[in-house]
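> coords please:
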Amino acid sequence: MFHFRLQTLLRMRIAERDQRLAELAKALRAEEVLRAEDRQVAHEQAIVAVRSQALKSPGAGDVDGLLQTHRYELVLSATRKQLATQIQQVQAEVERRRLVVVEADRQVRVLEKLKERQSQAHRRETDRHEAKIFDEMAVIGYSRRREVST
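Numbering: from 1, shown residues only. Predicted coordinates:
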């Protein structure tokens, strides 16, 4: 029976890779949340822009409403800039975590490949040993048959 001596290390590396994948998934979710928030703010900006145009039209004459709308446009613009900065930071973190996952996966594959090679070598050795035993049994059987016939 084949026993891989580094099985514990392989299990540890697999657990580490799975942990890194979970961390990457969290970063991707964070990026998606930020993007959804940015889309929401952009939508709100579009609504405010339409409202602002309506207030600027001739005969509207609501200066306070126009000032409030303009202030809100500035707040939304600043919010989008902040979200863009956060998205860039999260994207950098996502890329960093993706590279960590790639390295962890490479380490797992190296150990799995080593395990497979050792398993194949063990199988070949077992097959050779069995063939040797069968050959010896055949020789003994042949010798016994010859002794009985003579």
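
> now the longest helix along the chain, how far from the chain's geometric center?
Ranked by residue count under DSSP state H, the longest helix found in the chain is helix 63-149. Remark: helix 63-149 is offset 10 Å from the chain centroid, using Cα atoms, centre = their mean, to the nearest Å.

> Quick one: list the elements packing against that helix.
Using 3 or more Cβ pairs under 8 Å, 6 or more residues apart in numbering; DSSP states H and E, the elements in contact with helix 63-149 are helix 7-56. (Glycine included, C-beta is placed from N, CA and C.)

> Return the distance of the residue lying closest to R17 once chain neighbours are set aside relative to A54.
Sequence neighbours aside, A104 is the residue nearest to R17 in space, at 4.0 Å (criterion: Cβ to Cβ, 6 or more residues apart in numbering). Distance check for A104 against A54: by Cβ to Cβ, to the nearest Å, it reads 55 Å.

> Find the centremost residue of the chain, please.
Relative to the mean C-alpha position of the chain, the nearest C-alpha, by Cα atoms, centre = their mean, is the one of L21, at 4.0 Å.

> from memory it sits against V101, does it?
Yes. L21 is within contact range of V101, at 5.7 Å (criterion: Cβ atoms under 8 Å).

> what about F2, which SS state?
coil (DSSP: H, G, I helix; E, B strand; the rest coil).

> And it, its phi and psi?
phi -80, psi 140 (degrees, to the nearest 10).
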